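[1] My questions are about this predicted structure, shown below with the sequence.
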Amino acid sequence: MSKLTAAITGVQGYLPDYVMTNDELSTMMDTSDEWIMTRIGIKTRYILKGEGKGTSDMAAEAVKALLVKTNTLPEEVDLLICATVTPDMQFPATANIIADKVGIRNGFNFDINAACSGFLYALVTGSKYIESGQYKKVVIVGADKMSSIVDYTDRTVAPIFGDGAGAVMLEPNQDGFGIVDSILQSDGVGRVHLHQKAGGSVKPASHETVDAREHYIYQEGQAVFKWAVSKMADVSVEMMEKHQITPSDLAWLVPHQANMRIIEATAKRMGIEKEQVMINIEKYGNTTGGTLPLCLWDYEKQLKKGDNIILSAFGGGFTWGAVYIKWGYNG
Ligand code: UT7
């Protein structure tokens, strides 16, 4: 019997209704469409509005539609993993809340916190349960309501982020399609450059932490940028070399959507053309856990069985990684 691999058999995304433009941001802070487009490459981002709405609401919409699309009953799902840094609450895991909203009750669910690399970490973790032969249907969700931790008076952070969710179904494959290999890495030394100062056990929420705006994203943009450019490219090139994938062998690079300049630098180091890169940053901004599945969703129709695809990400932690997939179906 040939080796069991974990193949993506369906993709689905969800975006909230409200579209925030650069012009709207310019009314809230000293910025401009021109600066944001030149330095980051984002035109619009989607924002989840409404009292009591959280990450799980977007994720549940994506998962419900994914189950319909893949002809899966909720009771057939063995495992649901949610990658997020904006959980509905500190506990329980958002994955449990999503599963409840979708009616998934026969499996188990947990969250992974690896910031912008979260979807890759979750995808690889989920794939191991399939490869072991233990489970048949694993749902991987990447979802974030970044607007809940963005300071809309901070022009160095606010333009970058948006809200959104994406989900994929993983199922066993014996024909060599699916996740071929992964390289995942992290280095906690980088946490000083990108984090949320308060709200955890070190600094629980207090009037002081709220007054000091410590529940918002703290980011040293240039340091993050330098690390992201080098690590995302390093790991993607390493994956190409390891599997002797030449630039023309690669159908798609699916990069984390944080900054157009980071995406371009990664593609350049890999020696590939812009036409080989999935890009939707202009529409959605950086949805953290959501970027990679939202890219796959947007480009699903263009994907062909057998396509060589490299997914690559870098994020808070620091965390980064690349996953090599042999795509399993015609989109
Ligand atoms: O997934 C991981 C998440 N994060 C990232 O990947 C972020 C990585 N970093 C970046 O994308 C970029 O560093 C930023 C987009 C955050 C900033 O771009 P930059 O080209 O590194 O700008 P900078 O921080 O060097 O700032 C240049 C200037 C500064 O003004 P002065 O000091 O030269 O007068 C900033 O105050 O641009 C100013 N600036 C802005 N101006 C207009 C910073 N943000 C804005 C803004 N509008 N939104």
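    It's in.
[2] Tell me which residues touch the closest residue to the ligand within the chain, please.
    The nearest approach of the chain to the ligand comes at residue 221, 2.9 Å away (CB to the nearest ligand atom). Using the backbone N, CA and C atoms, a C-beta is placed for each residue, glycine as well. If you count contacts by CB atoms under 8 Å, 6 or more residues apart in numbering, residue 221 has them with 156, 157.
[3] and the gap between it and residue 228?
    Residue 221 is 10 Å from residue 228, where distance means CB to CB, to the nearest Å.
[4] quick one on the thing from earlier: can you check the pLDDT for the residue of the chain closest to the ligand?
    Residue 221 carries a pLDDT value of 97.
[5] Pull the contacting residues for residue 232.
    255, 256, 262, 266, 312, 313, 314, 320, 322.
[6] I'd like these written out as TSV, with secondary structure added.
    As requested, the contacts of residue 232 are arranged in TSV below (DSSP: H, G, I helix; E, B strand; the rest coil):
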residue	secondary structure
255	strand
256	coil
262	helix
266	helix
312	strand
313	strand
314	strand
320	strand
322	strand
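[7] And the buried ones among the residues you listed, selectable in PyMOL?
    Entered in PyMOL, the line below selects the buried ones among these, by 16 or more other CB atoms under 10 Å:
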select buried, resi 255+256+262+266+312+313+314+320+322
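[8] Name the residues of the stretch 151-300 of the chain found near the ligand, please.
    155, 156, 159, 221, 222, 224, 225, 228, 256, 258, 259, 286 (CB under 6 Å from any ligand atom).
[9] Then the stretch 1-150 of the chain?
    So the stretch 1-150 of the chain meets the ligand at 31, 35, 36, 39, 40, 116 (CB under 6 Å from any ligand atom).
[10] Show me which of those residues are buried.
    Using 16+ other CB under 10 Å, the buried ones in those are 31, 36, 39, 40, 116.
[11] Which of those residues fall in helices?
    36, 39 (DSSP state H).
[12] Please convert the buried ones among the residues of the stretch 1-150 of the chain next to the ligand to a markdown table, extending it with distance to residue 241 and pLDDT.
    Compiled in a markdown table, those are given as follows (distance: CB to CB, whole Å; pLDDT from 0 to 100):
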| residue | distance to residue 241 | pLDDT |
| --- | --- | --- |
| 31 | 40 | 97 |
| 36 | 35 | 98 |
| 39 | 31 | 97 |
| 40 | 30 | 98 |
| 116 | 24 | 98 |
